[in-house]
Structure formats: structure tokens, C-alpha cells
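Colleague: sequence and predicted structure below; questions after.
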Amino acid sequence: MSGPNGPAGRSIANAATMAVLDTNAANLRITTYDTSGGAAAAAAHALADGNQLILGPLLGEEAQRVASEARAAHVAVISYSNDTSVAGDDIFIMGNVPSEAIARVVREARSQGATRFAALIPLGVYGERASNAMLAAVRGSGGVMVGMESYDRHGGTIAAAVRRLKAHGPCDAVLIADTGAMAAQAAAALKTGGGLRPATLKTGGSLLILGTELWSGEASVAHSPALRGAEFAALSDQRFERFAASYRARFGSAPYRIATLGYDSVLLTLRIARDWGGGSSFPTTRMYDRGGFLGLDGPFRFSSKGVIERALEVRQVRGGTVTVISPAPTRFAD
């Protein structure tokens, strides 16, 4: 609620309050605790106050500390982080995990005829998760992984990583698991100097650049010549504009895109807690409903490991605009 991440935290907290007001919820009280002074201390304070469910935190480095406090007290957590390593044992991950977006865009690329895949991955925790997700997605879709190269975001090594990737030979699609700005640099290098060439694609034969959920909301993506034709998966914005208008009317400013996590987590809590009486543990078994739940960001559900599964759309960059080429499913087929 304060410090460098305070604006995002306040936006999420406002959205949670907004959900309580919109639903006239009389059986739920939301109390906000500031983690900027220490996530473990904030969680301990919340537990000492008698709270029986924790929503948050947002940051991955705080998720471990909150989970440790909550598990010791046998209190469930619905975390907004994407740190899946803490999931399980009544700790649920609701943040946008890269594996979902990568699996979705790989499936879309396969439907367009892509068979051979490669990837450029930044060093770090996000890069490690993205690389594992890419390998699993390509293997699960029946494709072939021909090469994967890593680079240091701060070391200027992306050009060298591109040169190494080109040495692996032809491929149809390359995932760049980074922000739109970094992806534009890498894509420009991939498309110059020869080396990578695609096999037969339904898209017309040009190398297909793939991105992750990090591209969503980045205005520079639409205007980057190097990313023209690139594709990435993201949450649908179909309901977000109406939410944003209502948020601005209430709080006088625009919400962060991730504010919907606060809103949807309250809707989820109310759905699960319809028959939940105070003084007993939160009924977490209901969180595993395979039919899923509906929120501002569309359908979602939790895996047996407590990690969120979302219905995502696929977008394509088309010279100044970003267009949806594969809408998000309206429900889970399985």
C-alpha cells in the first residue's frame, strides 16, 4: 500500500472494496494490511486480528513469507503473485502465470502449421519459468523444440543470443519471453542477417514471433515494425473497460490492469463462502470446481496443485493495432 509498488497495491485494494460494494456483501469484511513494512509481519497482524482468509500478496518474493505464516495458522491464501512454487496446501495462486500464456500461443501457432519452435529467454526467475513452460507447451502440442538461448537483460547480450539461436537452424516460430520493448530488439535481430528461416506455414511463410502476457497493455508493441505479425496470448479486455469506467467514477483515477485480481478474488470468495459460517476454516475444497468460475477477466479455475488456469485470447500485431485473432473460450471444455 506504500513504497514503489504502493500505487498497484492501492488499485487492487480499491477494486476489492468495489466488489464488496457492487455485490452488497454482508457476510464478508475486507481489511487491508500494508506489506511494504514486511510481508510476514503484515500476515502475522492479519492472523492475529482473526482473519480466516488472506487475499494477496502481489509480489512473488512476499508470497513465500505470507504462505509460511498462513500455513502455520491453517489459514488459506489466494495469492496475486505468479510464484507457483508456494502453491498447494491451501495456498492458491491467482496471478497471471507465464505457462498459461505460452501454452495458449503455442497451440495457436501449431494450428497455423508451425512445427519447429525456438525461444529467447531472459536470465532470472521469470525466464526460468518461461523456459520450462515453453518446453512443456511444445512437447504437449506435438511440436519440436530446435533451440533455446538465454541472455542477460542488463548485459546487452541479446544480439549474441540471437546469433546462437540462428545456429540451431530453421524453425517456424520463436518465443521471446520478455517485455515488448526487449522483444522488439530481439525480433529485429532475428529478421536481419539471415539464418533462421521457417518451414511451411499457413501464415504465408514468414518467421512467426511469439510473445507472452508481458506484452499486454504495452502501447509500443502495436507500433513496432519488428513485431508486425507477432502473436501473444492475454486476458480478454471485454469486461475491463466497463470495470475501469466504474472504478474511475468511484476513485477518480484509472485502475491498474491487475486491479481485476482484487475484484475477482472477492467474487470468488463470495461464491465459495455462500454457506460458510464464521469460526470455521475457509472451505477450500470448493476451489477445485472443474467447471471454474467467471470473473472480470473471464473464466478461470484452479488445478489440483492450486495454480490458476485461465481462458486466454490470442492477439496479433498488425502495424499500429493489436487485433484478437483467436477469442478466449467462454468455458472450459473438460
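Modeller: Thanks, I have it.

Colleague: any weak-confidence spans in the stretch 201-334 of the chain?
Modeller: Scanning the stretch 201-334 of the chain with the threshold set as pLDDT under 70 gives 201-205, 277-279.

Colleague: go again using 50 as the cut-off
Modeller: For the stretch 201-334 of the chain, the stretches flagged by pLDDT under 50 are 203.

Colleague: do a quick rundown of the strands in it.
Modeller: Remark: strands assigned in the stretch 201-334 of the chain by DSSP state E, counting those that start in this stretch are 208-210, 231-234, 293-295, 298-302, 308-310, 313-317, 322-326.

Colleague: ranking the ones you listed by burial, who's on top?
Modeller: The highest mean neighbour count among these, using mean count of other Cβ atoms under 10 Å, belongs to strand 231-234: a mean of 27. For the C-beta atoms, the positions are set from N, CA and C on the backbone; glycine is no exception.

Colleague: isn't residue 78 right next to residue 269, touching?
Modeller: Yes - proximity of residue 78 to residue 269 meets the contact threshold set by Cβ atoms under 8 Å, at 7.4 Å.

Colleague: mutual contacts of those two, please.
Modeller: By Cβ atoms under 8 Å, 6 or more residues apart in numbering, residue 78 and residue 269 have these common neighbours: 53, 55.

Colleague: those two - which one has more neighbours?
Modeller: In this view residue 78 and residue 269 are compared by other Cβ atoms under 10 Å, and residue 78 has more residues nearby, 26 against 23.

Colleague: residue 36 versus residue 84, what's the distance?
Modeller: 24 Å (Cβ to Cβ, to the nearest Å).

Colleague: so which of these two has more stuff around it?
Modeller: Regarding residue 84 and residue 36, a neighbour count based on other Cβ under 10 Å identifies residue 84 as having more, with 21 against 14.

Colleague: which residue ranges of this structure form helices?
Modeller: 6-23, 39-48, 60-73, 98-111, 125-141, 158-166, 180-190, 219-222, 240-251, 260-272 (DSSP state H).

Colleague: what residues of the last one count as buried?
Modeller: When neighbours are counted by 16 or more other Cβ atoms under 10 Å, the buried residues of helix 260-272 are found to be 260, 261, 262, 263, 264, 265, 266, 267, 268, 269, 270, 272.

Colleague: would you check that the third one makes contact with residue 8?
Modeller: No - taking contact to mean Cβ under 8 Å, the distance of 10.2 Å between residue 262 and residue 8 leaves them out of contact.

Colleague: using JSON lines, please lay out the helices of the chain together with distance to residue 298.
Modeller: Compiled in JSON lines, the helices of the chain are given as follows (distance: least, Cβ to Cβ, whole Å):
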{"stretch": "helix 6-23", "distance to residue 298": "16"}
{"stretch": "helix 39-48", "distance to residue 298": "29"}
{"stretch": "helix 60-73", "distance to residue 298": "23"}
{"stretch": "helix 98-111", "distance to residue 298": "12"}
{"stretch": "helix 125-141", "distance to residue 298": "20"}
{"stretch": "helix 158-166", "distance to residue 298": "33"}
{"stretch": "helix 180-190", "distance to residue 298": "22"}
{"stretch": "helix 219-222", "distance to residue 298": "21"}
{"stretch": "helix 240-251", "distance to residue 298": "10"}
{"stretch": "helix 260-272", "distance to residue 298": "10"}
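
Colleague: quick one, which of those helices gets closest to residue 304.
Modeller: helix 98-111 (15.0 Å; Cβ to Cβ).

Colleague: chain center to that closest one, what's the gap?
Modeller: Helix 98-111 sits 13 Å away from the centroid of its parent chain (Cα atoms, centre = their mean, to the nearest Å).
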